[in-house]
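Asker: quick one: sequence and predicted model below, then my questions.
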Amino acid sequence: MVFALSMLLLSLQIVYGFIMGFAHMGYDNLHSFIPFNTARAVHTNLLVVWLLSGFMGAAYYIIPEEAENELVSVKWAYIQLISLALVGITAIIGYHFNYWEGRKFLEIPRPLDWLVVANVLLFLGLILATLFKGKKRTTTALVLTMGLFFAALLYLPGMIWFDNQTMDSFFRWWVVHLWVEGVWELIMGGILAFLLIKLTGVDREVIEKWLYVIVGLTFISGILGTGHHYYFIGAPKYWLIIGGIFSAMEPLAFLAMALFAVAMYRKGEKRHPNKMALNWTLGTAIVSFAGAGLLGLAHTFPAVNLYTHGTLVTAMHAHLAFWGAYGMIVLALISYTMPNMTGRKFYDSATGNYAFWLSNIGMIGMTTAFAAAGVAQVYMERIMGLEFGEVQKEIQIHFLVLVLCATLFATGITLYIYEFVRYGRPTDEALIK
Amino acid sequence: MLSKNQARIFFLGGTAVSFAIFLGLSWHSLSSEVPKQTNSQNITPQVINGKKLWEANNCMGCHTILGEGAYYAPELTKVINRRGDEFVKAVLMSKTPWQPRGRKMVAYGFSESEAADLVEFFRWIGETDLNGFPAPPKYKSTINLEN
């Protein structure tokens, strides 16, 4: 059910993405009802909520299994899930009526922020109680829980009001950066380790040792890597050096994750029959290295970022990074858990494989279109000094490519969701047992 | 070969050291440097009100400021420098969608005083020391940039 919510939000996110793609092409027919800033806020916030609900679903599955203890209260978990959905829906509807807080990624208005906090506290309470009453506290479970706990904690700096735009931005990145380039990687690492233990049959001790190394690399590079958001917002110059050096190291954590996943796959003697889950698991490790690691590196150096900061180059990196690191890990976990929960041996299907390849090829195409648009924009606007609007006219064609590739991507996701709905309910045999 | 315990120490130690350095630098930035670079003494009630309007209408959903936001509409950190007060006010107070080259902006129809507050907000932020951002183009501009 958590995953169903997650999938619903993902499909909505894609719809709003299309609205923006068309607007960039010059077809903003929906402007009077859904202006660009509404579509943008909805698109990014849906992303955050579908990923978070995916992570929560992951925790509700993984923690009880790792701790060898039933979830302390299924009823409260349902209440938590439904209230999260309600807050999310209220926020999204509000965005259509100018009810928001125009701070990128943190658009949820303050009163609703408090409901999110209450909701997340309930979620953490359930998870922590389950973990500490359980028989075992495995490293995988601890890393996952730590990620979730700090994600909740780091939400708070984003709720402080500042008169100074620079300070506002400074703390906004404590939430946004330290989430996606910090604690969310812990969550991703935890889920990845869990999946690898299950799918490859490699000894837990080996996998968990490398999990520590990976999350260590994540924090050592990622925390000070926050500096790459402080280059040009009115913070001192030393962030150019600190941010430059440490954010250049950020790909190491993703490289380690990719090498780790592939090595464990090679090493594993016991092959789990769930091929699709394995595809998504290896896929997430590899695509996140390309999208989050390499494409991030491409514009993180201060001398490059001086020109690319605030252009479509950022959108290029963001799309493949979020898809590879967080979108795919959630889909991997769903692919692994659904057959176990429904009692159906649904491990490999043509549709499922099409879903994997179409969505990935589509997203890589979209990233390439953003790259072409972004690089052209940087040269024309930032280096040649052409006016913004003139440049936008010139790069419109890339958004046609973007929308075409997005169609491919959306087809892949539609197939994934189709199978999710079709095979998502327990089978009769499983019910009889 | 690395043991699991050593790996754990690497993780916890590395995190603690990085976080301590990060907190220290943040403290130094926010307490002494940021107020200087942003001329925080110039943040008047008008500027603050301008920032509130900026957020209440999610201007960042299309524009960027300090290079942060969305990429649908122009970067506004130096907009006063580039366009002057009156132009900016006219756009903000317009009752019909402003649409340079067909790309529409929401018609906010701000009052004279709201528009003035937003202009003050832009003026203040335009004077912030941004370590060289936005870089001046290397070639002659086609718009009326001052430099």
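Answerer: Thanks, I have the structure now.

Asker: tally of neighbours for whatever residue of the stretch 1-150 of chain A ends up closest to chain B?
Answerer: In the stretch 1-150 of chain A, the residue that lies nearest chain B is residue A:37 (2.5 Å; Cβ to the nearest Cβ). Glycine gets a C-beta too; all of them are placed from N, C-alpha and C. As a burial measure, residue A:37 scores 26 neighbours (other Cβ atoms under 10 Å in any protein chain shown).

Asker: so who does residue A:79 touch?
Answerer: Residue A:79 makes contacts with residue A:122, as judged by Cβ atoms under 8 Å, 6 or more residues apart in numbering or on different chains.

Asker: could you give the mean pLDDT of the helix or strand containing residue A:205?
Answerer: Per DSSP states H and E: residue A:205 is located in helix A:204-225. What helix A:204-225 shows for mean pLDDT is 95.

Asker: buried sites along that helix?
Answerer: A:204, A:207-225 (16 or more other Cβ atoms under 10 Å in any protein chain shown).

Asker: tell me the helix or strand right after whatever helix or strand residue A:319 lives in.
Answerer: Secondary structure assignment for residue A:319, by DSSP H and E: helix A:312-321. On the C-terminal side of helix A:312-321, the closest following helix or strand by DSSP H and E is helix A:328-342.

Asker: skipping its backbone neighbours, what lies nearest the closest residue to chain A within chain B in space?
Answerer: Nearest to chain A in chain B, going by Cβ to the nearest Cβ, is residue B:61, at a distance of 2.5 Å. Spatial nearest neighbour of residue B:61, chain neighbours left out: residue A:37 (2.5 Å); criterion: Cβ to Cβ, 6 or more residues apart in numbering or on different chains.

Asker: A strand includes that neighbour, no?
Answerer: No. Read with DSSP: H, G, I helix; E, B strand; the rest coil, residue A:37 is helix and lies in no strand.

Asker: now do the contacts for it.
Answerer: So residue A:37 contacts A:102, B:57, B:58, B:59, B:60, B:61, B:62, B:70, B:72, B:106 (Cβ under 8 Å, 6+ apart).

Asker: apply 7 Å and report the result again.
Answerer: Neighbouring residues of residue A:37 by Cβ atoms under 7 Å, 6 or more residues apart in numbering or on different chains: B:58, B:61, B:62.

Asker: tell me the confidence at residue A:28?
Answerer: Reported pLDDT for residue A:28: 81.

Asker: identify the residue nearest it in space, chain neighbours excluded?
Answerer: residue B:104 (5.9 Å).

Asker: for residue B:15, same thing?
Answerer: Per Cβ to Cβ, 6+ apart, closest to residue B:15 is residue A:219, 4.2 Å.

Asker: domain parsing for chain B?
Answerer: In terms of domains, chain B is parsed into B:1-37, B:41-147 (source: automatic domain parsing).

Asker: a markdown table for the ones you listed, including mean neighbour count and mean pLDDT?
Answerer: Listed next are these as a markdown table, based on neighbours: other Cβ atoms under 10 Å in any protein chain shown; pLDDT from 0 to 100:
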| stretch | mean neighbour count | mean pLDDT |
| --- | --- | --- |
| domain B:1-37 | 15 | 94 |
| domain B:41-147 | 18 | 92 |
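
Asker: hey, where'd the strands end up in chain B?
Answerer: For chain B, applying DSSP state E gives strands covering B:64-65, B:68-69.

Asker: I'd say residue A:243 and residue A:223 touch.
Answerer: No. Residue A:243 lies out of contact with residue A:223 (Cβ atoms under 7 Å); the separation is 11.1 Å.

Asker: who's in contact with residue A:285?
Answerer: With Cβ under 7 Å, 6+ apart, residue A:285 has these contacts: A:192, A:257, A:258, A:261.

Asker: any chance of those in CSV, plus pLDDT and neighbour count?
Answerer: Formatted as CSV, the contacts of residue A:285 follow (pLDDT from 0 to 100; neighbours: other Cβ atoms under 10 Å in any protein chain shown):
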residue, pLDDT, neighbour count
A:192, 95, 27
A:257, 93, 29
A:258, 94, 20
A:261, 93, 26
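
Asker: now render those as a markdown table, adding distance to chain B and secondary structure.
Answerer: As requested, these are exported to a markdown table (distance: Cβ to the nearest Cβ, whole Å; DSSP: H, G, I helix; E, B strand; the rest coil):
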| residue | distance to chain B | secondary structure |
| --- | --- | --- |
| A:192 | 15 | helix |
| A:257 | 14 | helix |
| A:258 | 18 | helix |
| A:261 | 17 | helix |
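
Asker: just flag the most distant two among these.
Answerer: Using Cβ to Cβ, the two most remote members of the contacts of residue A:285 are A:192 and A:258, lying 10.3 Å apart.

Asker: quick check, pLDDT for residue A:25.
Answerer: For residue A:25, pLDDT reads 80.

Asker: where does chain A have low pLDDT?
Answerer: For chain A, applying pLDDT under 70 flags the ranges A:1-2, A:426-433.

Asker: just the CA coordinates of stretch A:202-217, formatted as CSV?
Answerer: What follows is stretch A:202-217, C-alpha atoms only, in CSV (Å, rounded to 0.1, in the frame of the first residue of the first chain):
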residue,chain,number,x,y,z
VAL,A,202,27.3,-13.2,-0.1
ASP,A,203,28.1,-13.3,3.6
ARG,A,204,26.5,-10.5,5.6
GLU,A,205,29.7,-9.6,7.3
VAL,A,206,31.5,-8.9,4.0
ILE,A,207,28.7,-6.7,2.7
GLU,A,208,28.2,-4.8,5.9
LYS,A,209,31.9,-4.1,6.2
TRP,A,210,31.9,-2.4,2.8
LEU,A,211,28.6,-0.7,3.6
TYR,A,212,30.5,1.1,6.4
VAL,A,213,33.3,2.1,4.0
ILE,A,214,30.8,3.5,1.6
VAL,A,215,28.8,5.5,4.1
GLY,A,216,32.1,6.7,5.5
LEU,A,217,33.1,8.0,2.1
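
Asker: centre of the chain to it, how far?
Answerer: Distance of stretch A:202-217 from its chain centroid, counting by Cα atoms, centre = their mean, to the nearest Å, is 22 Å.

Asker: the residue nearest to residue A:28 contacts residue B:94, doesn't it?
Answerer: No. Residue B:104 is beyond contact range of residue B:94, at 10.9 Å (criterion: Cβ under 7 Å).

Asker: list the contacts of the lengthiest helix in chain B.
Answerer: Assignment by DSSP state H gives helix B:4-28 as the longest helix of chain B. Contacts with helix B:4-28, where a contact means Cβ under 7 Å, 6+ apart, come from A:205, A:208-209, A:212-213, A:215-216, A:219-220, A:223-224, A:226, A:242.

Asker: which parts of the stretch 151-300 of chain A are helices?
Answerer: A:165-178, A:184-200, A:204-225, A:238-267, A:275-288, A:295-298 (DSSP state H, counting those that start in this stretch).

Asker: so which residues make contact with the third one?
Answerer: Right, helix A:204-225. In contact with helix A:204-225 (Cβ under 7 Å, 6+ apart) are residues A:139-140, A:143, A:181-182, A:185-186, A:189, A:193, A:196-197, A:242-243, A:246-247, A:249-250, A:252-253, A:256-257, A:260, A:264, B:2, B:4, B:7-8, B:10-11, B:14-15, B:18-19, B:21-22.

Asker: what about residue A:270, neighbour count?
Answerer: Neighbour tally, residue A:270, other Cβ under 10 Å: 9.

Asker: in space, what's closest to it - neighbours in sequence excluded?
Answerer: Among residues not flanking residue A:270 along the chain, residue A:201 sits closest, at 3.0 Å (Cβ to Cβ, 6+ apart).
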